[in-house]
Structure formats: C-alpha cells, structure tokens
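# Here is a sequence with its predicted model. Questions after.
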Amino acid sequence: MKIIIATFLMISYLPFAQIKVSDDYKKIPDILDTTDYLYPFIVPDKEYQYWRVLTNVSDPDKAVIYESQMPEFMTINEPMPEKGFFQQCIGEGCFSYILACKQDRSVYFTNEQQLRNFIGFIDNLPEALLIAKTYGYSIDTKNKFTGSYKIEEKYVSLFGLKSKACPATKESFLIKINRKTGRLEAKSNGVYYKSNDCNTQ
C-alpha cells in the first residue's frame, strides 16, 4: 500500500520537475495576486481628467475600488452599467467597470477589450497582470512556475496559470505580452494539479 501511495505521489509531482523557470525571472510580489491592488498602477493610454474603478453594488460608498485624484470642481453622477469586466457571478459585487471623464464627458469601459484599450501601452507589471487576467490567466505567487516575471523593452513575460472546476484543475503557462499592442501569446507548461472530486454545489 505504501509503495502504491509513494508511486502516486511521484507521478502527481512529476510536472513540477519538468517546468523550468530561468534565473532571469523574478518573483511576483505576493500583494499583486489581488486584482483590486493592481488598479492604482494603471497609467491610462489617453489623458483623462478623472477616472475610477467601481464594482456593481448599489451603495455608492462601497462601489469605488480605486479613483484617481478628482478635481475639486468636478462631480460625476452616472448610472451603473448592466455589465462589466471580470464577471464572477450574477448580482451585486459580481463585476467591475471604469468610469472616466474626458473633456467633461463621461466614458465607460465595461468589458475586457475596453480595459485593454484603457491601459494601452504596458508601463509596469500590474498592468501586465491585468492584461493577462482579461484573457483568463491568473497567478499564484507560491510557485515560481505560476508567479514570476521579466520585463523587457518590447515584451512582458509571465509564468501564470489557468484553472477550472469539475474537477478542479490548474495548468501552468508561459505568457508573453507585447507591451505596445497588448497582444498575448501563451504556451502551456502542463497541468500540475488535478482533483478527483467534482463538487457542483
């Protein structure tokens, strides 16, 4: 029995040994695995008088995730959109969106492509992580093969992951993002975790 368990564990952890991360990749800081902490680092591609990231909750005091410095003379009172990016569920607090002010007019950014357009040129690591998230990738800073990066003149490269449920599965990817266009290319490093359970409750 012990031999069977040991063999199973060796097979389960085999992908860990096969995923190679070169020494020029740095660890992504732990705090950046939370999406809400990425927004303050956005340097918009265009100039806006003011912008803020909100979630779809009816209480305006709880809706704001992040806001840039607002001019004293300006107020924005706009209705909540019916959809946004990073949709997680149905109901309140299930998606995010950006409301910006350009030339005294309100502009909404309510899907993943529009978020990519808002970011434009990738200035830093948090912007790159947001771009990756718009394509369904996330990070786990506990592992180098799911939480490391390097920034070059034309590209940001990331080791991230994609996950799914039923059964719970995690797959490592090497992600390469063009800093100018936001175009993303990804190569799978293989599945490194798969559960035998499938709980639909």
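That came through fine.
# Does Ala132 lie in a helix or a strand, and which?
Element membership of Ala132, judged by DSSP states H and E, is helix 125-134.
# Ok, Val191 next?
For Val191, the host element (DSSP H and E) is strand 184-194.
# Name every strand pairing with that strand and say which way it goes.
Applying DSSP bridges, strand 184-194 is found paired with strand 169-178 (antiparallel).
# Could you list the buried residues of the strand holding Val191?
For strand 184-194, the neighbour count (16 or more other Cβ atoms under 10 Å) marks 184, 186, 189, 192-193 as buried. All C-beta atoms are positioned from the backbone trio N, CA, C, and that covers glycine.
# quick check: angle from that strand to helix 125-134?
Orientation check (axes from the mean of the first three to the mean of the last three Cα atoms, to 10 degrees): strand 184-194 against helix 125-134 gives 70 degrees.
# Check what contacts strand 184-194 and list those residues.
When contacts are defined by Cβ atoms under 8 Å, 6 or more residues apart in numbering, strand 184-194 is touched by residues 15-16, 18-19, 131-132, 135, 137, 143, 145, 159, 167-178.
# Return the distance of it from the chain's centre.
16 Å (Cα atoms, centre = their mean, to the nearest Å).
# State the mean pLDDT of that strand.
In this model, strand 184-194 has a mean pLDDT of 95.
# what's the answer for stretch 91-108, then?
On average, the pLDDT along stretch 91-108 is 92.
# who's in contact with the spatially most central residue of the chain?
When Cα atoms, centre = their mean is applied to the chain, the residue found nearest the centroid is Lys133 (3.0 Å). Under the criterion of Cβ under 8 Å, 6+ apart, the neighbours of Lys133 are 35, 86.
# how about a cut-off of 10 Å?
Applying Cβ atoms under 10 Å, 6 or more residues apart in numbering, one finds that Lys133 lies in contact with 35, 38, 85-86, 112, 115, 139, 160.
# Phe145 too?
Phe145 touches 15-16, 18-21, 25, 159-161, 172-174, 189-190, 192, counting by Cβ under 10 Å, 6+ apart.
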